[in-house]
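Undergrad: Sequence and computational prediction follow.
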Amino acid sequence: MHNVVEKEKDTFSREVVGLLYRLKGDLEACDEVCLAHCGVTASQGYTLLALPSSGSLSMNELSESMNLAGSTMTRMLDNLVKKGLAFREHDEADRRIVRVGLTIEGQKLQKAFSGDKQAIGKAVLSNIQPGDQRTVLGAMKKLSEAIRAVVAQCQTSCFDK
């Protein structure tokens, strides 16, 4: 009996992890479709979304918010600057700090991309019965919380071996 329960847990675990990766790929495909007509890659689109719609932030803040190395972030921003979607400037109070933000064209693209993502989300939900939508959302929240808890646990103990 114990072996049957363990096999069921293993099967369930494989199915959940497989679906999570499939969902991640599906979401990335949606983003690529939304951005393809603008000549922007998905990574560049995520950077556009990470930048404030007005004002600026430091390169360090942007790198931290996207969990990317500074050199990677610099290359990503270089491409957005070349496309006229972002700007880079030295901080007035401390010239060592580089601040980045969106140009007017970048703001327009950010707004369009956000709108496209919202429209896709609504279209996806239209394929789920209204009575099931709350159930799906609740299950996704529980799954997200469980994943975060395991990641936090691994960060403190899994790597101490």
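TA: Received it, and whenever you're ready, just let me know what you need. Just so it is clear, the model here is predicted, and its values are computed rather than measured.
Undergrad: Spatially central residue in the chain, please.
TA: Per C-alpha atoms, centre = their mean, the C-alpha nearest to the average position across the chain is that of Tyr46, at 6.3 Å.
Undergrad: ok, then the element right after the helix or strand hosting it?
TA: Tyr46 belongs to helix 42-50 when assigned by DSSP states H and E. Following helix 42-50 in sequence order, the next helix or strand is strand 56-58 (DSSP H and E).
Undergrad: residues in contact with that next one?
TA: Contact with strand 56-58 is made by Leu51, Ser65, Phe87, Glu89, Asp91, Ile97, Val98, Arg99, Val100, Gly101, as judged by C-beta atoms under 8 Å, 6 or more residues apart in numbering. Heads up, the C-betas are built off the backbone N, CA and C, glycines and all.
Undergrad: And for the fifth one, the neighbour number?
TA: Residues near Asp91, counting by other C-beta atoms under 10 Å, number 12.
Undergrad: Phi first, then psi, for it.
TA: Main-chain torsions, Asp91, degrees, to the nearest 10: phi -60, psi 140.
Undergrad: Report the contact partners of Met73.
TA: Thr47, Met59, Leu62, Ser63, Met66 are the contacts of Met73 under C-beta under 8 Å, 6+ apart.
Undergrad: Go ahead and list the helix or strand containing it.
TA: Using DSSP H and E, Met73 falls within helix 70-82.
Undergrad: Just want the angle from the worst-scoring helix or strand of the chain on mean pLDDT to helix 42-50.
TA: Lowest mean confidence among the helices and strands of the chain (mean pLDDT, DSSP states H and E): helix 2-36, at a mean of 84. Orientation note: helix 2-36 sits at an angle of 80 degrees relative to helix 42-50 (axes from the mean of the first three to the mean of the last three C-alpha atoms, to 10 degrees).
Undergrad: Between which two of the contacts of strand 56-58 is the distance greatest?
TA: Within those, Ser65 and Glu89 form the most distant pair, 18.5 Å apart (C-beta to C-beta).
Undergrad: re earlier: tell me the one of the contacts of Met73 nearest Val5?
TA: Set against Val5, the nearest of the contacts of Met73 by C-beta to C-beta is Met66 (41.0 Å).
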